[in-house]
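Q: any chance you could fold what I've pasted below:
(4 chains)
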Number of protein chains: 2
Amino acid sequence: MPRPDIQTSRRRALVQAAIAEIGKRGTLDVTVGGIARRAGVSSALAHHYFGSKDHILTAAMRHILQGLRAEHLRRLRGVTGPRERLRATIAANFGGQSFRREVIAAWLAFYVSAQHDREARRLLRVYQRRLRSALLSDLRPLSGDDAPQLADTVAALIDGFYIREASRTGAADPAGLAARIDATLDTLLEACA
Amino acid sequence: MPRPDIQTSRRRALVQAAIAEIGKRGTLDVTVGGIARRAGVSSALAHHYFGSKDHILTAAMRHILQGLRAEHLRRLRGVTGPRERLRATIAANFGGQSFRREVIAAWLAFYVSAQHDREARRLLRVYQRRLRSALLSDLRPLSGDDAPQLADTVAALIDGFYIREASRTGAADPAGLAARIDATLDTLLEACA
DNA sequence: ACGTGTTGACTGACTAGTCAATCAACGCAT
DNA sequence: ATGCGTTGATTGACTAGTCAGTCAACACGT
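A: Now for the predicted structure:
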């Protein structure tokens, strides 16, 4: 008989432990043993649930992506008009759980493994496509033919501020970064009109 | 009798092998043995010259940074006027040897290790400060008080397009990316005036 | 003979993944 | 309710392999 409550709670604990471990020890030094220890179980159990180290890390990234998506939908709720929706899309990347130190470290690790791991690359594509299409659909009514280029620019700004945050020390100001992108977008949109 | 010619040629070969190895195998799977094999020497020799794996990788990054700086100075030569200099600064990041696949992979690895390795972090800071000050000094005469924010935005765009390139497949268009940033900067500068 | 350059062989540490064996919960027949 | 069998959860011990770094010895020009 499967005990789904235990299964999901263990999986969840291991995934969160994996993210924390990436944040603390750095991608290169993450071990299955370390993740399992942090989750309070044996390394054998981690293998029992996930099969391999890669699967754990992929699951961690999937979890982060789900959180980002949830944050996006939450901020979109009740918002009307393309400009407001764009604001929400940008803000989603810098709010909630998405901009914590360890999550940013996981993103970096994600980009690294996407260079050689198929599943990681697939996941990354999903995120990029989702962001791009969200930006595009709201940029088109505002900027017409310039929408694709603007979408690329905004996406690059988001990723750029993300990666720069990874090398910072001290406290971040996520809301400020979102506001900066927003102001830049304002200027670029005015120039289009 | 020391033979500095051999020393430097070995060091150079090992550093280039390290960059190639990062590009091919991905950061996580880079080994001293692999680097040494690619350079045509034994792993013991790599340790003889660099002392440790970290030192090899740091040296590789220092080499990339030097190349970027050289490219920057080259493009600055004979250029006058802040706007032209800004164009050169941006273009330097997307031209020459700086935008090859393996170099971008090395940048990613660099950002990763900067999170926990002091020397890597120090090097990254040097690059960031250098870029920021180059941008600032040319932006100030064009945009006055908005210069700091514009500098951050341009820097984020550069890093953003870099990291997005890392997850791409197929051929890149570095000149196109530089032109895109340049056009964006044009718009932002007009709005300042 | 001397010293620099170079290596193969070795080690100690560590890791992912496996496996047989225990443990704990639940269904079910009585 | 009680005992039993089944099944999932969990682990410690183990395997097999890898890697960074060391060291004593060799090559060879001077």
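Q: only C-alpha atoms for contact and neighbour calcs from this point on.
A: Noted.
Q: chain B contacts on chain A?
A: Proximity of chain A to chain B (Cα under 8 Å from any Cα of the partner chain) is limited to residues A:25-28, A:105, A:108-109, A:111-116, A:121, A:124, A:153, A:155-161, A:163-164, A:166-167, A:184, A:187-188, A:191.
Q: out of these, which are buried?
A: In the residues of chain A next to chain B, burial by neighbour count holds for A:25-27, A:105, A:108-109, A:111-116, A:121, A:124, A:153, A:155-161, A:163-164, A:166-167, A:184, A:187-188, counting by 16 or more other Cα atoms under 10 Å in any protein chain shown.
Q: okay, now the unreliable bits of chain A?
A: Along chain A, the parts satisfying pLDDT under 70 run over A:1-4.
Q: cutoff 80 now
A: Residues of chain A that meet the criterion pLDDT under 80 lie in A:1-6, A:169-171, A:193.
Q: near DNA strand C, which residues of it?
A: By the rule Cα under 7 Å from any atom of the strand, the part of chain A lying against DNA strand C is A:D29, A:V30, A:T31, A:V32, A:G33, A:S43, A:A44, A:H47, A:G51, A:S52, A:K53, A:D54.
Q: which ones among these are found in strands?
A: Among the residues of chain A next to DNA strand C, no residue falls in strands (DSSP state E).
Q: just the buried residues out of those residues, in ChimeraX syntax.
A: Only the buried entries of those go into this ChimeraX selection, using 16+ other Cα under 10 Å:
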select /A:30,31,32,33,43,47,53
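Q: returning to what we had before: so of the buried ones among the residues of chain A next to chain B, which ones are in helices?
A: Judged by DSSP state H, those include A:25, A:105, A:108-109, A:111-114, A:121, A:124, A:153, A:155-161, A:163-164, A:166, A:184, A:187-188 as members of helices.
Q: dump the residue contacts of the closest residue to A:F94 other than its chain neighbours.
A: Of all residues not flanking A:F94 in the chain, A:P174 sits nearest, at 5.3 Å (Cα to Cα, 6 or more residues apart in numbering or on different chains). The contact partners of A:P174, by Cα atoms under 8 Å, 6 or more residues apart in numbering or on different chains, come to A:F94, A:G95, A:F99.
Q: closest to A:R129 out of those residues?
A: A:R129 has its nearest neighbour among those in A:F94, at 18.3 Å by Cα to Cα.
Q: tell me how many other residues surround that closest one.
A: 23 (other Cα atoms under 10 Å in any protein chain shown).
Q: quick check, it in contact with A:A179.
A: No. Contact between A:F94 and A:A179 fails when scored by Cα atoms under 8 Å: they sit 9.8 Å apart.
Q: all good on my end, thank you.
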